[in-house]
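> model this:
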Amino acid sequence: MEAQAPGAEVGAVIVTPGEILAEMESVDAAVRQLGGEVGAVPVTAAFKQAWSAFAEEWRQFYEAHKGLSQRLLTEVYRQALAFRRRVEEWYAAFAREGWRARALVKPDGAADQGSQLPAPPVLAPEPAGYSLGTIAWIAAGAALLSGLVVHASKE
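Sure, this is the predicted structure:
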């Protein structure tokens with residue numbers, strides 16, 4: 001068996017729509033905060049234009065997926081995590097422009113060396129073997145079959 005590279009996906013992950021919404025709201029808060037910072041200081045026109053395009057892309061994703069029925073797939077969570085990484089890259093680009101986001105500076109004036117955004121929750125991968133959906137179908141089939149056996153024995 002081949003060793004898996006660090007950071008590689010292990011398997012399926014089950015994420016609730018509430019967890020997806022929490023991740024999306026965390027990213028949205030970071031986008032709004034950095035948007036305010038970008039608008040408050042003089043940055044290059046190229047930076048501002050690229051930031052505006054990214055912020056619009058995020059806004060469209062957020063609006064399209066904020067409803068419960070749009071957050072039922074784990075892929076939406078993966079996309080939100082990808083946006084999180086991109087926002088962190090934007091924070092780094094903002095720093096390269098010569099600015100620090102005010103919310104990332106501790107009250108004592110020392111720069112926060114931690115992650116700009118809270119870390120996403122660490123979810124345990126689904127165990128190898130049957131998926132949750134498969135187990136649910138097996139359980140439903142077993143319940144149906146046991147009901148038929150009980151019904152047949154009563155006749």
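> residues in contact with Lys48?
Going by Cβ atoms under 8 Å, 6 or more residues apart in numbering, Lys48 touches Val38. Any C-beta I mention is one placed from the backbone N, CA and C, and that applies to glycine too.
> Can you verify it is assigned to a strand?
No - going by DSSP: H, G, I helix; E, B strand; the rest coil, the assignment for Lys48 is helix, not a strand.
> Just name whatever secondary elements the host helix or strand of Ala92 is in contact with.
For Ala92, the host element (DSSP states H and E) is helix 74-96. Where contact means 3 or more Cβ pairs under 8 Å, 6 or more residues apart in numbering; DSSP states H and E, helix 74-96 is packed against helix 17-40, helix 45-65.
> With distance to Leu81 and mean pLDDT added, can I get those helices in JSON lines?
As requested, these are exported to JSON lines (distance: least, Cβ to Cβ, whole Å; pLDDT from 0 to 100):
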{"stretch": "helix 17-40", "distance to Leu81": "7", "mean pLDDT": "90"}
{"stretch": "helix 45-65", "distance to Leu81": "12", "mean pLDDT": "93"}
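> deepest of these, which one?
Mean neighbour count, computed with mean count of other Cβ atoms under 10 Å, is highest for helix 17-40 among the helices and strands packed on helix 74-96, reaching a mean of 18.
> Specify the angle between it and helix 45-65 in degrees.
Counting by axes from the mean of the first three to the mean of the last three Cα atoms, to 10 degrees, helix 17-40 lies at 160 degrees to helix 45-65.
> hang on, the earlier thing: ok and the helix holding Ala92 relative to helix 45-65, angle-wise?
Orientation of helix 74-96 against helix 45-65 (the same axes, to 10 degrees) gives an angle of 160 degrees.
> okay, the helices and strands packed on helix 74-96 in CSV with distance to Ala140 next?
Listed next are the helices and strands packed on helix 74-96 as CSV, based on distance: least, Cβ to Cβ, whole Å:
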stretch, distance to Ala140
helix 17-40, 22
helix 45-65, 29
